[in-house]
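> Quick one, what's the 3D model for this:
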Amino acid sequence: MAYTSISINELITEINSNKYYLPAIQRKFVWGEKKICDLFDSIMRGYPIGTFLFWELSAQKAKNYTFYEFLKNYHQRDSKNLVVNYRFPHDIKGVLDGQQRISSMYIALQGIYQTKRKYARKTTDNAYEERMLYLNLLSGKSNFEFKFLTKEDAAKYEKKRCYFLVRDALEHQDLSGANKLVDVVIKASSLYINWTAKEEELAIEKVTSLIEKLNDNQQISYFSIVDKDLDEILDIFVRVNSGGLILSKSDLLFSTLVAHWEDGRKSIEKLVEEMNGRDDKFQFNTDFLMRTCLFLIDAPINFKIQSFDAKNIDKIKTNWSSISSALLTTVDLLKDFGFDHTRMSSNYAATPIAYYIYKGGKLTKSIKLDIRKFTVNSLLKQVYSGQADNTLRAIRNGLREKVSDSNGDYRLIRKEFSYSSIKDIRLPAGKRIAITQEDVDGFLQMKKSSHTFLVLSTLYPHFKLDQIEFHQDHMHPQSKFTQAKLSKLGLSEEQIEDWISKRDELPNLQLLKGTENKAKQAKLLKTWIENHEPNEAIYRKENYVPAKQSLDFEDFEAFFEKRKILLKKRLLKELVE
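Sure, this is the predicted structure:
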């Protein structure tokens, strides 16, 4: 079938007549107002706005699939497309390519656009003003200034500013209607603007051009795919969208899942929101959740379309309550362990925990300690970087056993999580979760990062990381390690370079309450302890500082090496033994 064309006016009319819908494989509307205004600018200038791909199907076939209505009124906080749950009275068209562009035109020409005012609180309803698309009629002959404005702002006439409501042009297909529309604008603004004949002519020209563009039968050029099944449509959808930057691979797979699961989008997005929490403590996303769902139901975890076949999606739907419960329990555990998104170098560290809980594993106090050790060590060893699929597959195989070969079901090898039984699992590239003495030597040379926080959290097990905010603090203050200040100590160039390098390494870092860290700032370590620590001996013991070691900045080298010995001894005990 060859390409066909229609006008924007006709397209809008047919959307209003319930002839166009969005298949559930489409993602949310994401375009910002600048992109929408740029789209209308391109239309006015006669620039190409791309072709469109539609899926034509009968009313009988359409009722078997999930479709969304086009979004008419966009609200930055609350907007979502409405699911169509009725039988279609006539044949329809689903938009496979061009959703963002058509949605932009529909909102601009039929609805309102609400985004949060600067500095306003996002939870306050009046922070979102109702705005519509306007065209400035006095912006210059070759300048098309489109803006989303409230009615009140559009009525504020200024020099070279007089706004015309773009949707009014839809009411006229006859170009002579431009004069009537401009007359209305001129009368409304006559108290504020002394229109010249040239300005009136320019305004009529702009509105005439707008009417012409909206009714141009060649504006929307599309190709139709007729009466194909969803599986074929998915293949076409992937081919069309994979070629550009319209959708990421994650978006495509998410689209595949929700195409088979009517409430999938709402359920998944709700769970991600609950996992991250109102304070955005974590940064889980649909990518993580979809892969983890495959992991939990013992499906292949290759991130491919084939992984989300009807059988696996049905299993996810059937077990959604248990999946959700396991993941939310996992998040609660991570909070108890003192984790947040800044301390999780890979979200996939949560996936094996969720699997253990999903399969009915116990959660006693000692088991939680083993789970924490497993999580910390796996992140320190960076086992999820590079080959996350293969790593997760190996860990899952280490946790489970087949119930029978006939049905392919799996269960946990043991209901009590044991770090010792899983630490030596062979992972890709010869990695293991078990930490060696060589690893510890490497940790002691790490510079301040999320990984050093993990090591420090092991060194301070009594700290309530889930209740109190702790910072990584430079014991000897960072501000003292400058070329000029170190030169005054009589250090050689080589020594200065060495001290600056060691400044950010683990032996010069401690965990300090956030409030205390703000108070300490650039104070010398010795001065800080004398003024803020009631018992220096206890401070030294808790922070792995030798009892008789000098705390003077001039003795930093000795302090660093002596503390490094104590840290290594403790880390070998906690992480290796």
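> What are the boundaries of the helices in the stretch 451-577 of the chain?
Under the criterion DSSP state H, counting those that start in this stretch, the stretch 451-577 of the chain contains helices at 483-487, 493-502, 514-520, 525-532, 536-542, 556-571.
> Deepest in the core, which of those helices is it.
helix 556-571 (a mean of 18; mean count of other C-beta atoms under 10 Å). All C-beta atoms are positioned from the backbone trio N, CA, C, and that covers glycine.
> which residues sit against that helix?
Defining contact as C-beta atoms under 8 Å, 6 or more residues apart in numbering, one finds that helix 556-571 is touched by 440-441, 443-444, 455, 458-459, 476, 495, 499, 502, 505-508, 544-546, 549-551.
> same deal with stretch 101-111?
Against stretch 101-111 from outside (C-beta under 8 Å, 6+ apart): 8, 11-12, 15-16, 20, 29, 31, 35-36, 39-40, 49-50, 52, 70-74, 95, 113, 132-133, 166-167, 170, 214.
> how distant is that stretch from the center of its chain?
Centroid displacement of stretch 101-111 relative to its chain, using C-alpha atoms, centre = their mean, to the nearest Å, is 25 Å.
> and that stretch, which residues are buried?
Residues 101, 102, 103, 104, 105, 106, 107, 108, 109, 110, 111 are the ones in stretch 101-111 that count as buried (16 or more other C-beta atoms under 10 Å).
> On the pLDDT front, check the first one for me.
When you say that, I think you mean residue 101. On pLDDT, residue 101 comes in at 96.
> Next SSE downstream of the helix or strand hosting it?
Following DSSP states H and E, one finds residue 101 within helix 99-110. Following helix 99-110 in sequence order, the next helix or strand is strand 113-114 (DSSP H and E).
> Tell me which strands the helix or strand just after that next one pairs with, and in which orientation.
Note on strand 113-114: by DSSP H and E, the next helix or strand toward the C-terminus is strand 132-136. Looking at strand 132-136 with DSSP bridges, its partner strands are strand 146-149 (antiparallel), strand 163-165 (antiparallel).
> Show the backbone phi and psi for the residue of the chain positioned farthest from its centre.
The centre of the chain is farthest from one residue, residue 197, which by C-alpha atoms, centre = their mean lies 52.5 Å away. For residue 197, the backbone dihedrals (degrees, to the nearest 10) come out as phi -60, psi -40.
> ok, now how distant is it from residue 209?
19 Å (C-beta to C-beta, to the nearest Å).
> Report the rounded mean pLDDT for the strand or helix carrying residue 371.
Per DSSP H and E: residue 371 is located in helix 365-380. Mean per-residue pLDDT for helix 365-380: 93.
> Mind giving me the packing neighbours of that helix?
If you count contacts as 3 or more C-beta pairs under 8 Å, 6 or more residues apart in numbering; DSSP states H and E, helix 365-380 packs onto helix 320-336, helix 351-358, helix 419-422, helix 450-459.
> Okay, buried residues for that helix please.
367, 370, 371, 372, 373, 374, 375, 376, 377, 378, 379, 380.
> Of the residues you listed, just say which sits nearest to residue 343.
residue 379 (8.3 Å; C-beta to C-beta).
> picking that back up, of the helices of the stretch 451-577 of the chain, which approaches residue 280 most closely?
Between those, helix 514-520 lies closest to residue 280; by C-beta to C-beta that is 17.7 Å.
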